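**Student:** Following is a predicted model, sequence given first.
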Amino acid sequence: RLAAKRKKDLQTQQQDKEKQQEEEKYRQNPVHFVADLHARRRLIIEKREQRIKQKSQVTGSGRRQAAAQQKLKILTQLENEPTTRGKRKADDTFGENDKDWDIYLAGGEQQEQQIEEEEAKQIAHVESLLMKYDSAYAAAHVSTNGSDSMLNDEPVDESTYHQIYLRG
């Protein structure tokens, strides 16, 4: 319990520190800070669109081949990790590091879901900063969307509200 509490406290401290740094950057040069936020948002959205486009282009055997290549890449990364005195440890420590388990996520829906969640968090964070520091952005998104959904500039496809996603 204490370790979890310490971890949570460290995360809270880190978030507070990041907020202070962001506010300091804004105070130093508001115009540049807002422009950087818009650039970060565009970059994240472009990466997301590129990943989705790439995913839709890969079909059938190409998807399996890409998954196999990703697994091989992760295996070679695990193999090339630094060891003690150039020799492998006598005891097997596989699984102690969270990165070890990435091999099982490669090419799977879990990894894709994690990437999407991370992108959504990044976009939401940047957009919350834009809503706070850029009044023009805030006014445009409140008037066009009429809701708290800021992740897309595109119209919302309401049919997605009624879909049920099952975990496989």
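**Tutor:** Great, that's in hand. Keep in mind the model is a prediction, meaning the values are calculated, not measured.

**Student:** how near is the closest residue in space to A138 that isn't next to it in sequence to D98?
**Tutor:** Distances taken as C-beta to C-beta, 6 or more residues apart in numbering put M131 closest to A138, at 4.6 Å, once the chain neighbours are dropped. The C-beta positions use only the backbone N, C-alpha and C, and glycine is treated the same way. According to C-beta to C-beta, to the nearest Å, M131 and D98 sit 33 Å apart.

**Student:** Same drill for these two, tell me which one is more crowded.
**Tutor:** Each of M131 and D98 has its neighbours counted (other C-beta atoms under 10 Å); M131 has more, 16 against 7.

**Student:** now the strands: where do they sit in this structure?
**Tutor:** Secondary structure of the chain, counting by DSSP state E: no strands present.

**Student:** remind me which residues of it are low pLDDT?
**Tutor:** The chain contains residues with pLDDT under 70 at 58-63, 78, 81-92, 94-95, 100-110, 143-168.

**Student:** so where do the helices sit in it?
**Tutor:** Assignment of helices within the chain using DSSP state H yields the ranges 2-28, 30-57, 61-79, 102-105, 109-133, 135-145.

**Student:** looking at the ones you listed, which is closest to T93?
**Tutor:** helix 61-79 (11.0 Å; C-beta to C-beta).

**Student:** buried sites along that closest one?
**Tutor:** Neighbour-count burial for helix 61-79, counted by 16 or more other C-beta atoms under 10 Å, picks out 70-71, 74.

**Student:** Using PDB, write out every CA atom in it.
**Tutor:** Provided in PDB are the C-alpha atoms of helix 61-79 (Å, rounded to 0.1, in the frame of the first residue of the first chain):
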ATOM      1  CA  SER A  61      -1.400 -11.600 -44.900                       C
ATOM      2  CA  GLY A  62       0.200  -8.100 -44.800                       C
ATOM      3  CA  ARG A  63      -1.300  -7.600 -41.300                       C
ATOM      4  CA  ARG A  64       0.100 -10.900 -40.100                       C
ATOM      5  CA  GLN A  65       3.400 -10.100 -41.600                       C
ATOM      6  CA  ALA A  66       3.500  -6.700 -40.000                       C
ATOM      7  CA  ALA A  67       2.600  -8.300 -36.600                       C
ATOM      8  CA  ALA A  68       5.400 -10.900 -37.000                       C
ATOM      9  CA  GLN A  69       7.900  -8.200 -37.900                       C
ATOM     10  CA  GLN A  70       6.900  -6.200 -34.800                       C
ATOM     11  CA  LYS A  71       7.300  -9.200 -32.600                       C
ATOM     12  CA  LEU A  72      10.800  -9.800 -34.000                       C
ATOM     13  CA  LYS A  73      11.700  -6.200 -33.500                       C
ATOM     14  CA  ILE A  74      10.700  -6.400 -29.800                       C
ATOM     15  CA  LEU A  75      12.500  -9.700 -29.400                       C
ATOM     16  CA  THR A  76      15.700  -8.200 -30.800                       C
ATOM     17  CA  GLN A  77      15.400  -5.200 -28.500                       C
ATOM     18  CA  LEU A  78      15.000  -7.500 -25.500                       C
ATOM     19  CA  GLU A  79      18.000  -9.500 -26.600                       C
END
